[in-house]
Each structure stands twice: as C-alpha cells, then as structure tokens.
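A.B. asks: mind folding the following:
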Amino acid sequence: MTYKYIVSAIQKAAKNHRGGITSVALTMGKNPNILANKLNTNTNSHALTLEEAAEIIKITQNKETIEALATLINATVVDLPKSDVLENSKLNELLETFILTNKKCAALGEEIIQASSA
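C.D. replies: Numbering: from 1, shown residues only. Here you go, the predicted model:
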C-alpha cells in the first residue's frame with residue numbers, strides 16, 4: 001500500500017467519529033466489518049475507493065486527511081472564513097469572502113517566507 005498514511009488518517013477519523021467506524025459505515029449504508037477491513041492498512045484483501053474516502057471525509061469533517069492529501073502535491077489547506085454565503089448567495093458577501101480568503105493566503109505565504117529565511 002503506497003499511501004498507507006492517508007488511509008491511516010481516514011481510519012483514525014472514522015474511529016474518532018461519534019460511534020466509530022460502525023457509525024460511519026451505517027451512515028454510508030455499508031457493512032461495518034467490510035469498511036473496517038478497507039480501513040485496515042495491514043491487509044490488502046479490501047481496498048478503500050476514492051468515493052468511500054471522500055464520503056468518510058465528508059461525514060467526519062476531519063481536516064487531517066485533507067492535509068495528508070495536500071502533502072502529495074506540496075500544498076496546504078486553509079480554512080475558509082465562516083460565512084453564510086452558500087445559503088444566501090449574495091454577490092457582495094461572496095466577493096468579501098474571496099478577498100478575505102486571499103488575504104489569509106497571502107499572510108500565510110509571508111509567514112512561510114519569513115520562517116524559511118530565518
């Protein structure tokens with residue numbers, strides 16, 4: 001298994017979710033034992049699909065998995081500012097959210113540059 005650490009992050013998220021892997025599996029409409037086997041990095045008998053991984057990430061809302069994936073392309077994850085833009089879709093709110101997000105990304109970039117030159 002090449003990306004064992006990513007599957008391990010997904011497994012950890014499922015285990016730590018309320019009700020554990022069983023709860024996640026039932027929410028997905030899957031057999032808990034089969035899902036547990038798919039999340040077991042010590043076996044190759046079952047494989048987690050991308051769709052299943054995405055569903056677990058959505059259910060658990062766990063950022064560690066997304067961060068593990070981001071490292072594959074030397075990227076990082078930045079939280080979007082809290083907003084109700086998605087619910088009321090006002091153009092001005094969307095624009096403000098976009099600008100604030102870009103400011104946060106720029107600030108993070110500056111911190112990275114400063115840290116790497118120190």
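A.B. asks: please count neighbours and contacts with C-alpha atoms only from this point.
C.D. replies: Will do.
A.B. asks: most centrally placed residue in the chain?
C.D. replies: Residue closest to the mean C-alpha point of the chain, counted by C-alpha atoms, centre = their mean, is I66 at 3.0 Å.
A.B. asks: sticking with that one, tell me its helix or strand.
C.D. replies: helix 63-71 (DSSP states H and E).
A.B. asks: who's in contact with that helix?
C.D. replies: For helix 63-71, the external contacting residues (C-alpha atoms under 8 Å, 6 or more residues apart in numbering) are Y5, I6, A9, I10, A13, I57, T76, V77.
A.B. asks: now do stretch 7-23
C.D. replies: 24, 32-33, 35-36, 39-41, 53, 56-57, 60, 62, 64-65, 68.
A.B. asks: select only the buried ones of those residues in PyMOL?
C.D. replies: Here is the PyMOL command that selects the buried residues among the contacts of stretch 7-23 (16 or more other C-alpha atoms under 10 Å):
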select buried, resi 24+32+35+36+39+40+41+53+56+57+60+62+64+65+68
